[in-house]
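Trainee: could you work out the structure for the sequence below:
(chains A, B and C)
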Amino acid sequence: MMFTIFRDLFRSRGAFAAGVVLLAFVLLIAAASLVSPYPPNDSFVVAPDLAPSWPPVLGTTSRGQDVFWQLTFAIRNTLLFGFIVALVSRIIALVVGLVSGYAGGFTDRVLMSINDTFIVIPLFPILVLFYFVMRERMSWTLLALAMACLGWAYDARLIRSLAMSLRTREFTDTALFSGMNTRQILTQEHMPYVLPIVFSTTMNNINWSIGLEVTLSVLGFTDINTPTIGVMIYWANQHTAMVAGIWWWIFFPVLLVVITFIGLFLLAVSMNEYIDPRSRLSRVAT
Amino acid sequence: MTGPLLEVRDVARSYAMGPLLSRHRVRAVDGISFTMPSERAEILAVIGESGSGKTTLARMILNMLLPTQGSICFRGTDLSEIRRGRDRLDFMKRVQPVFQNPFEAFNPLKKIDRYLFMTARRVAGLNAISDVENRVDEVLRKVGLSLAELRGRFPHELSGGQLQRIAIARALIPAPALLVADEPVSMIDASLRLSIVNLLRRLRDETGVAIVYITHDLATAYSISDRILIMREGRVVESGDARTVLDNPQHPYSIMLKAAVLSPDAASFTKD
Amino acid sequence: MTDPVLSVSDLRAYYQTSAFGVQREVRAVDGVTLQVGANEIYGLAGESSCGKTTLIRTIAAATRPPLKVVSGAITFNFHGRRIIVTDVDPQALADIRWKHLSCIMQGSMNVLNPVRRIRHSFVDFAFRHVGAPMPAFLEMVTVHLQRLELDPQILDAFPHQLSGGMRQRVAIALATVCRPAFIIADEPTTALDVIVQNSVLAMIREVQRELGSSLIFVTHDLAVHANLSDRLGIMYAGRLVEEGRTADVFRKPMHPYTVNLISALPRIGRDNRSKGLEGAPPNLADPPSGCRFHPRCPIAMDICRRENPPMSEVAPGHRAACFAVTPERTQ
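Mentor: Numbers count the residues shown, from 1 in each chain, chains lettered A, B, ... in the order given. Just a heads-up that it's a prediction; the model follows:
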């Protein structure tokens, strides 16, 4: 059944097909990291500063690393990071939003006060502060968790307003009188309406977290020993790659992350219309 | 059990409305009292226009809202004392609703038999799959449908009349003592209303379920009710035996209501 | 009928959707022919999803994809000027709208702009048709409102300050301010309380009598038709199944569907134990062959499954589409 959906979408929506192709490309490169001949953190394994040719398809860096193989690790780590942040923050947003919207009253007010506090926190300074506090103990998991904690508030409000309107719909009352408890109503009756929003915010969230990660890494506020897109650019800057003419060290990471962004965006936009309950209803064949 | 089935005593419900600094209270329901007997199943019609408070009253009887004043007792138990999950489930076994909008009563994304099975399992407490399916089929047949024709179907595949019948069937699964029907036919075509309303009466006769029938339609209320309450702006203006009140209303508002009902017989007189 | 104001001939309008590889064609209006004369209230009745709303939309030339007029013609005749709605450009339509042809829809209250005063709605809709300077226009509107027994002060109010019934009355005043020759009303009183409904219907009757316009009034409630319409047309599954003077249709309904509809009306003072029809209206994406009513018809014959009965005259001014009642029966 999932396959027929996939196939229908692929055939009828150019945006979806394009998004799938782009993301498949990116994922392929990330998967290639598993067969990399060079360990990610080693330097000076190949001749440095070689322009793109064959075999170093994308050239080599000033640290003597093959740009292509570095890129495979970089994009893998970046994607993993974005995905984890999105997942954790979605879970928090869903729980807070659904509970707050459904329960209303005192619970709602308390949760929303907490929520609004998180919305107004300035992300960038906090994350920089976080780095300075953690220093050597800084790790990607910690950063992921920190960002997840900062990235749920906006979407929780969105989910809450949806939950509030769902609460007033008659089928919620029918479900109540059919014997369902709150947890069942939220997960079985309301979730299908909430998921499209969650999905679209997930894509945005991934893009946001990758963007923030790149920014922080370029400035050196993360663990610069693990290769990610941002870290690659950081090292390139450290070695003044642009001035030295080693453009491929910066160009290819940027190109790959842009492809990722566009792919995710296209996917989100095309899937969203498909998942949206209203268009789903008009599509069910009789 | 010799006490009344339902006892509503001087019930009122008010809301605070208006901006933050000059809130005033609106009394949606203002001092209503009536009882429904338990010796015989009765259809009580509550008639009122919009803003009369009839839906608020329905929600209070269903224990979805608490009155701000007065009390509602079902079989001797005050509804405000029902708090725990188990007590609520027991209450739902005995009192079930039928709502106004058949198209909204079921989640459009879910199959419709799901609610029926769920009610049979959770509210009626049936466990074995055969028991569940038999009970569901049994109630569906009572409303003129069957499990075979509805299995796996979605709400949008069915008409308003069918959906409302399914809603009634669902409410009947735990064999409740009281059905609260809030404008069950106002969103259904005029030509189908009588068949659904007659179904309610037939169910009362066959299963002994009492019905609170809330409506603004005097003609259907005349057809099936035993007693009638006419509400206006939260208060009861006239009550009594249905035929007596509707054949010969006393209160000026009731008279006005009856005069406003359009009769199909007007067509039989030639127009100029 | 001497030169009807509206003439619909063999109209077919379908919803054609094609989404995510699924094609559907819903035959909402499938061969409707009717005429509305001058100074006449034509009532259109039928269950929901019988096609009456689609028919109205097509007559009002308010069709938007996926709704498409597949064949047939709609012709208006405004004081000698003929317009074929199905065949004319949008600019010509915009000219006749509101001035010659106006609409009162269900939830007409939503027609009024919620953030502006009522006066602005009148200006938005009618000003350009009247062609008079603003003060004269507002004077005209005030006179119109007074004639309809509405307090001209409501012009200064916002829509949310008025009750539902009042907004509907304003919507009627709005629709009639240009004195149109043809008014379309789609379930204008369905959402209203009984007492308010009566006053709104009285207003509609009064307006029609005063302007002498023709009115198509659509509602599923036959009791309303009994008290308002001059002629009545019954629709079922996209087709017209009976039509005639309201009194005739009520006194002597011909088509089995009409018979059932009329017997299903509850009346105070009567013991209403009628048995309804079995089944449900057909799916218009896949309608039954022949007569669309035959699966539910108590007197269905063999021919009903094969052929679609044409609308034929069963009495002067009274037509029905049923093989069982038409004088000529196929041997």
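Trainee: residues near the closest residue to C:Thr326 other than its chain neighbours, how many?
Mentor: Residue nearest to C:Thr326 in three dimensions, not counting chain neighbours: C:Ser312, with 4.6 Å by Cβ to Cβ, 6 or more residues apart in numbering or on different chains. The way it works is simple: take the backbone N, C-alpha and C, and place the C-beta from them, glycine included. Neighbour count for C:Ser312, taken as other Cβ atoms under 10 Å in any protein chain shown: 14.
Trainee: which residues in the stretch 1-150 of chain B form helices?
Mentor: Along the stretch 1-150 of chain B, the stretches classed as helices by DSSP state H, counting those that start in this stretch are B:54-61, B:85-94, B:113-118, B:129-142, B:147-150.
Trainee: ok, the residue of the stretch 1-150 of chain B found nearest chain A - contacts?
Mentor: Chain A sits closest to B:Arg122 of the stretch 1-150 of chain B, with a gap of 2.7 Å, by Cβ to the nearest Cβ. Going by Cβ atoms under 8 Å, 6 or more residues apart in numbering or on different chains, B:Arg122 touches A:Ser178, A:Gly179, A:Met180, B:Leu89.
Trainee: can you lay out the residues you listed as JSON lines showing secondary structure and pLDDT?
Mentor: As requested, the contacts of B:Arg122 are exported to JSON lines (DSSP: H, G, I helix; E, B strand; the rest coil; pLDDT from 0 to 100):
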{"residue": "A:Ser178", "secondary structure": "coil", "pLDDT": "92"}
{"residue": "A:Gly179", "secondary structure": "coil", "pLDDT": "90"}
{"residue": "A:Met180", "secondary structure": "coil", "pLDDT": "90"}
{"residue": "B:Leu89", "secondary structure": "helix", "pLDDT": "90"}
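Trainee: most surrounded residue in these?
Mentor: The residue in the contacts of B:Arg122 with the most neighbours, by other Cβ under 10 Å, is A:Ser178 (26 neighbours).
Trainee: helix or strand: which one has C:Ser71?
Mentor: According to DSSP states H and E, C:Ser71 maps onto strand C:67-78.
Trainee: off-centre distance for that strand?
Mentor: 15 Å (Cα atoms, centre = their mean, to the nearest Å).
Trainee: and that strand with chain A, contact?
Mentor: No - against chain A, strand C:67-78 shows no contacts by Cβ under 8 Å from any Cβ of the partner chain, the least distance being 13.6 Å.
Trainee: count of neighbours near the residue in the stretch 51-200 of chain B positioned nearest to chain C?
Mentor: Ranked by Cβ to the nearest Cβ, the top residue of the stretch 51-200 of chain B for proximity to chain C is B:Ser195, at 3.1 Å. B:Ser195 has 18 neighbours, counted by other Cβ under 10 Å.
Trainee: ok, now B:Leu140?
Mentor: 24.
Trainee: against B:Ile211, how distant is it?
Mentor: 19 Å (Cβ to Cβ, to the nearest Å).
Trainee: OK, contacts around B:Gln162?
Mentor: Each residue near B:Gln162 by Cβ under 8 Å, 6+ apart is listed here: B:Leu145, C:Ala280.
Trainee: distance of the residue nearest to C:Thr326 from C:Cys291?
Mentor: For C:Ser312, the distance to C:Cys291 - Cβ to Cβ - is 13 Å.
Trainee: spit out the residues that contact the two alike.
Mentor: C:Ala321.
Trainee: for whichever strand or helix holds the residue of the stretch 51-200 of chain B closest to chain C, buried residues please.
Mentor: Using DSSP H and E, B:Ser195 sits within helix B:190-207. Neighbour counts over helix B:190-207 (16 or more other Cβ atoms under 10 Å in any protein chain shown) mark B:190-201, B:203-204 as buried.
Trainee: follow-up on the earlier one: just put the helices of the stretch 1-150 of chain B in a markdown table and tack on distance to A:Arg90.
Mentor: Listed next are the helices of the stretch 1-150 of chain B as a markdown table, based on distance: least, Cβ to Cβ, whole Å:
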| stretch | distance to A:Arg90 |
| --- | --- |
| helix B:54-61 | 35 |
| helix B:85-94 | 29 |
| helix B:113-118 | 26 |
| helix B:129-142 | 35 |
| helix B:147-150 | 36 |
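Trainee: sketch out the helices for chain A, chain order is fine.
Mentor: Ranges of helices within chain A are A:2-12, A:14-32, A:67-103, A:105-120, A:123-134, A:140-150, A:153-167, A:170-177, A:182-184, A:191-218, A:229-238, A:241-244, A:248-275, A:277-283, based on DSSP state H.
Trainee: before we move on, back to that, out of the contacts of B:Arg122, flag the one nearest to chain C.
Mentor: Chain C lies nearest to A:Ser178 out of those, by Cβ to the nearest Cβ, at 24.1 Å.
Trainee: from A:Gln188, how far off is the residue of the stretch 1-150 of chain B closest to chain A?
Mentor: Taking Cβ to Cβ as the measure, B:Arg122 falls 12 Å from A:Gln188.
Trainee: need the overlap of contacts for these two.
Mentor: Common contacts of B:Arg122 and A:Gln188 (Cβ under 8 Å, 6+ apart): A:Met180.
Trainee: just to revisit the earlier point, ok, so of the contacts of B:Arg122, who is nearest A:Ser113?
Mentor: For the contacts of B:Arg122, the closest approach to A:Ser113 (Cβ to Cβ) belongs to A:Met180, at 29.3 Å.
Trainee: tabulate the CA atom coordinates of stretch C:76-84 in PDB.
Mentor: This file holds the C-alpha atoms of stretch C:76-84, laid out as PDB (Å, rounded to 0.1, in the frame of the first residue of the first chain):
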ATOM      1  CA  PHE C  76     -32.100  34.500 -20.200                       C
ATOM      2  CA  ASN C  77     -34.500  37.000 -21.600                       C
ATOM      3  CA  PHE C  78     -34.300  40.300 -19.800                       C
ATOM      4  CA  HIS C  79     -36.900  42.700 -21.200                       C
ATOM      5  CA  GLY C  80     -36.400  41.600 -24.700                       C
ATOM      6  CA  ARG C  81     -32.600  41.200 -24.500                       C
ATOM      7  CA  ARG C  82     -31.500  37.600 -24.800                       C
ATOM      8  CA  ILE C  83     -28.300  36.300 -23.300                       C
ATOM      9  CA  ILE C  84     -27.100  32.800 -23.700                       C
END
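Trainee: can you list the buried residues in it?
Mentor: For stretch C:76-84, burial by neighbour count (16+ other Cβ under 10 Å) applies to C:Phe76, C:Asn77, C:Phe78, C:Ile83.
Trainee: show me where pLDDT drops low in chain A?
Mentor: Residue ranges of chain A with pLDDT under 70: A:1-9, A:11-12, A:55-56, A:272-286.
Trainee: what residue lies at the spatial centre of it?
Mentor: With distances taken as Cα atoms, centre = their mean, A:Ile206 lies nearest the centre of chain A, 1.6 Å away.
Trainee: mind listing what's buried along stretch B:89-102?
Mentor: Buried-residue list, stretch B:89-102, by 16+ other Cβ under 10 Å: B:89, B:91-102.
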